[in-house]
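>>> build the 3D model from these lines:
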Amino acid sequence: MNPPGAGVGGWYARCVGAVRRGWPVLLPIVLITQVLPAMVVAVLGLVIDPTARWEDQLAGDSAVLPTGFWADAFVWVGSLFGAGLIASLAQCVGWAAGTWVIARQAAGAPVDLGTALRYGLRRALGLWGWTLLFGMIVLFGLCLCFLPGIYAVFALAMVGPVYLFERDNPIGRSHQMLRQRLGLLLGRLALVIGAVIAVSLAAAMIEQAALLSIGTGPMDTRMVTVGTVVVTVMTALLTLPAHLAQLVGLVVTYAEQRAHEGPVNDAQLAHELG
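Residues are numbered from 1 along each chain as shown. As a prediction, this is how the structure comes out:
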């Protein structure tokens with residue numbers, strides 16, 4: 001790639017350039033593999049949520065657990081956990097496909113949605129495994145004392161790109177990148193994470209305001225059910241910019257780190273993806 005530009009400004013310009021070149025392909029990828037799976041999980045959670053029925057039964061007798069409480073809880077939590085795993089696999093298809101698009105377009109190579117998704121399917125399973133391990137490490141760190149989990153988020157943020165481009169020791173390599181250029185990498189990652197959090201919080205606030213206007217019982221009547229599902233779907237769509245910012249920000253940050261480490265060009269990076 002071109003030599004790293006002047007600080008954060010150069011990094012931001014490269015991110016904007018990647019979006020301008022790739023949005024006709026990146027937006028469908030993000031919509032299909034990121035937004036749609038999250039939408040399905042959210043709607044599923046509403047449909048099988050037993051808490052409204054629990055509240056009705058507890059209002060009559062708060063000293064006794066609702067009928068079928070443990071079975072309902074197991075089905076609810078288990079279904080959401082399983083759906084979340086499947087959704088995360090679909091999201092890994094999108095991460096790999098989007099990375100392929102960004103790298104090839106930077107090298108001036110042609111891209112199309114079908115080929116990108118086929119590449120994503122080919123690399124998704126391995127990326128999924130590393131992503132699950134990353135998530136478990138972060139969760140363990142958060143359980144310890146919160147701050148180790150936050151550190152793990154930054155230290156392992158490059159796991160996905162490292163796996164896709166280098167295929168070797170993603171966790172150790174990602175941590176090495178952070179140690180070598182702590183301030184530089186922290187700044188870029190903080191901007192990416194901040195953008196994701198800001199968009200997600202705004203979408204959540206809009207969702208809560210809309211749900212309050214609909215009513216507290218999301219499945220009480222057909223109209224309320226339809227309204228709740230529509231709000232949930234629209235909220236998922238509002239998070240699309242967050243997914244796109246995360247994808248582009250991490251890939252561009254990885255490419256910039258490689259350029260700091262030694263001579264590398266866009267064609268070489270695109271070739272490394274396979």
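>>> from now on I want contacts and neighbour counts done on CA atoms only, so please keep to that.
Fine.
>>> can I assume residue 125 is in contact with residue 90?
No - with the criterion set as Cα atoms under 8 Å, residue 125 and residue 90 do not qualify as a contacting pair; they are 9.5 Å apart.
>>> so between these two, which is more surrounded?
Legend: neighbour count by other Cα atoms under 10 Å for residue 125 and residue 90, higher for residue 90 (22 against 15).
>>> is it true that that one touches residue 37?
Yes - under the criterion of Cα under 8 Å, residue 90 is in contact with residue 37, at a separation of 7.0 Å.
>>> how about residue 136, secondary structure?
Applying DSSP: H, G, I helix; E, B strand; the rest coil to residue 136 yields a three-state assignment of helix.
>>> could you list the low-pLDDT ranges of the protein?
1-6, 215-221 (pLDDT under 70).
>>> in it, which spans are helices?
Listed in chain order, the helices found in the chain under DSSP state H are 7-30, 36-48, 51-60, 69-106, 113-145, 147-155, 159-166, 170-180, 182-214, 222-238, 240-261, 266-272.
>>> so what does the last one touch, helix or strand wise?
Pointing back at helix 266-272 there. With contacts defined as 3 or more Cα pairs under 8 Å, 6 or more residues apart in numbering; DSSP states H and E, the secondary structure elements packing on helix 266-272 are helix 69-106, helix 159-166.
>>> same check on the fourth one?
With contacts defined as 3+ Cα pairs under 8 Å, 6+ apart, the packing partners of helix 69-106 are helix 7-30, helix 36-48, helix 113-145, helix 159-166, helix 240-261, helix 266-272.
>>> show me which positions of the second one end up buried.
By neighbour count, with 16 or more other Cα atoms under 10 Å as the criterion, the buried positions of helix 36-48 are 36-46, 48.
>>> mind putting those residues into CSV with distance to residue 207?
Conversion of those to CSV gives the following (distance: Cα to Cα, whole Å):
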residue, distance to residue 207
36, 17
37, 18
38, 14
39, 13
40, 16
41, 16
42, 12
43, 13
44, 16
45, 15
46, 13
48, 19
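>>> so which of the residues you listed would you say is closest to residue 72?
residue 48 (8.8 Å; Cα to Cα).
>>> now do the same contact list for residue 137.
Contacts for residue 137 (Cα atoms under 8 Å, 6 or more residues apart in numbering) come out as 149, 152.
>>> ok, now how distant is it from residue 156?
With distances defined as Cα to Cα, to the nearest Å, the gap from residue 137 to residue 156 amounts to 9 Å.
>>> again with residue 73
When distance is defined by Cα to Cα, residue 73 is 33 Å away from residue 156.
>>> swap in residue 164?
14 Å.
>>> more crowded one of these two?
residue 156 (24 against 21).
>>> list the contacts for the closest residue to residue 242 other than its chain neighbours?
Sequence neighbours aside, residue 196 is the residue nearest to residue 242 in space, at 4.6 Å (criterion: Cα to Cα, 6 or more residues apart in numbering). Taking Cα under 8 Å, 6+ apart as the contact definition, residue 196 lies against 242-243, 245-246.
>>> next one: residue 189
The contact partners of residue 189, by Cα under 8 Å, 6+ apart, come to 154, 157, 249-250, 253.
>>> what's the answer for residue 188, then?
Per Cα under 8 Å, 6+ apart, neighbours of residue 188: 8, 11, 249, 253.
>>> now render the residues you listed as TSV, adding neighbour count.
What follows is the contacts of residue 188, written out as TSV (neighbours: other Cα atoms under 10 Å):
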residue	neighbour count
8	14
11	18
249	24
253	22
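>>> what's the farthest-apart pair in the residues you listed?
Spatial extent of the contacts of residue 188 (Cα to Cα) is set by the pair 8 and 249 at 11.5 Å.
>>> having no further points to raise, I will conclude here.
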